[in-house]
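Engineer: let's see this in three dimensions:
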Amino acid sequence: MESQQGNTDIEAAINWIIDHENEPDVDPIPMIAVNIDIDSPQPVQTTGDMEIKAQELRIRAGKEILEAKRVAEDNERKRYLASRKAQKEEEKRAREKVRQKLEADKNERRRVLGLPPVSHTTTRPSTNDKKNHVGVASVSKAEQLRESLKTLKRSHKVNEFCSLAYTFVDDEGAVKSAFQTLLVYVGNVAKNPDNEKFRKIRVGNPLFQNKVGRMRGGIEFLELCGFERIEEDKYLFLPRDKVNLAVLNSAGLQIKSAMSNPFFAILSHP
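Structural biologist: Next comes the predicted model:
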């Protein structure tokens, strides 16, 4: 029944609308807004949007690759530096072992000859007394002074070979006199560095020539002490500002050692 009643009402309403649709005073059909939910699909990306997105992805991937490469290179550099440091330390230790072995061998040879051991420890000259250069001469300078004295003695030594050993016939008088004269020269300057007469030697002086000048290595020894040839080699002169007490003291010690050691320069090769 209800269904039939509903249909009758609808038909009546429709008929009424048909009958009265042309009448001006009829109210317009009420418009009622109806909300209809329709699922909207995702917007479709255009070709331009896709290219921009692809470019962004490429840029981001490139940055990540560069960062990974930088980290790898940084790690490789750190490993290389660590390896080089370890290698240098190993080389330094090896050189130190060799130096110690050479020094020990050298001191053993000196001990056999009755000479004191050589130490490589040196003292820096005092900065408060630069004028006199107070300090200890370097090992290299001491070696040069000693070699100069050896040259002087070897130049006046005759080696006569026999079946079992060498017999040494030395001009002991000339060598001893040269050593003593050199000791006086360096000693006078060391004691009186401000007195020019002790710092200037006339090369042509007969006494100087007889004692030192004619001896091979004599003048060279004085030059190692700081003396310089001046006025066309007529004089040996030691300027006041070049007086080095450490070198002069070392020279005196080398001369005294050479004079007191009967084997000095005998077992050394000329």
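Engineer: tell me which stretches of the stretch 151-270 of the chain form strands.
Structural biologist: For the stretch 151-270 of the chain, the strands defined by DSSP state E, counting those that start in this stretch occupy 157-161, 166-170, 200-202, 228-230, 235-237.
Engineer: the helices in the stretch 1-150 of the chain, which residues?
Structural biologist: 2-20, 47-112, 139-154 (DSSP state H, counting those that start in this stretch).
Engineer: can you flag the weakest of those helices by average pLDDT?
Structural biologist: Ranked by mean pLDDT, the helices of the stretch 1-150 of the chain end with helix 2-20 at the bottom, a mean of 63.
Engineer: make a markdown table out of the helices of the stretch 1-150 of the chain and add distance to Val203.
Structural biologist: C-beta here means a position set from N, CA and C on the backbone, and glycine is covered the same way. Below are these laid out as a markdown table (distance: least, CB to CB, whole Å):
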| stretch | distance to Val203 |
| --- | --- |
| helix 2-20 | 150 |
| helix 47-112 | 34 |
| helix 139-154 | 17 |
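Engineer: right, so of those helices, which gets closest to Leu182?
Structural biologist: For the helices of the stretch 1-150 of the chain, the distance to Leu182 is smallest for helix 139-154, at 8.2 Å, taking CB to CB.
Engineer: tell me what that closest one is packed against?
Structural biologist: In this structure, helix 139-154 packs against helix 172-191, helix 218-224, helix 245-260, with contacts taken as 3 or more CB pairs under 8 Å, 6 or more residues apart in numbering; DSSP states H and E.
Engineer: between the ones you listed, which gets nearest to Leu236?
Structural biologist: Of all the helices and strands packed on helix 139-154, helix 218-224 comes closest under CB to CB, at 5.8 Å.
Engineer: could you export the closest one as CSV, CA atoms only?
Structural biologist: Coordinates of each C-alpha in helix 218-224 appear next as CSV, following Å, rounded to 0.1, in the frame of the first residue of the first chain:
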residue,chain,number,x,y,z
GLY,A,218,151.5,23.9,9.2
ILE,A,219,149.8,27.0,7.6
GLU,A,220,146.7,25.0,6.9
PHE,A,221,146.4,24.3,10.6
LEU,A,222,146.5,28.0,11.4
GLU,A,223,143.9,28.7,8.7
LEU,A,224,141.6,26.1,10.4
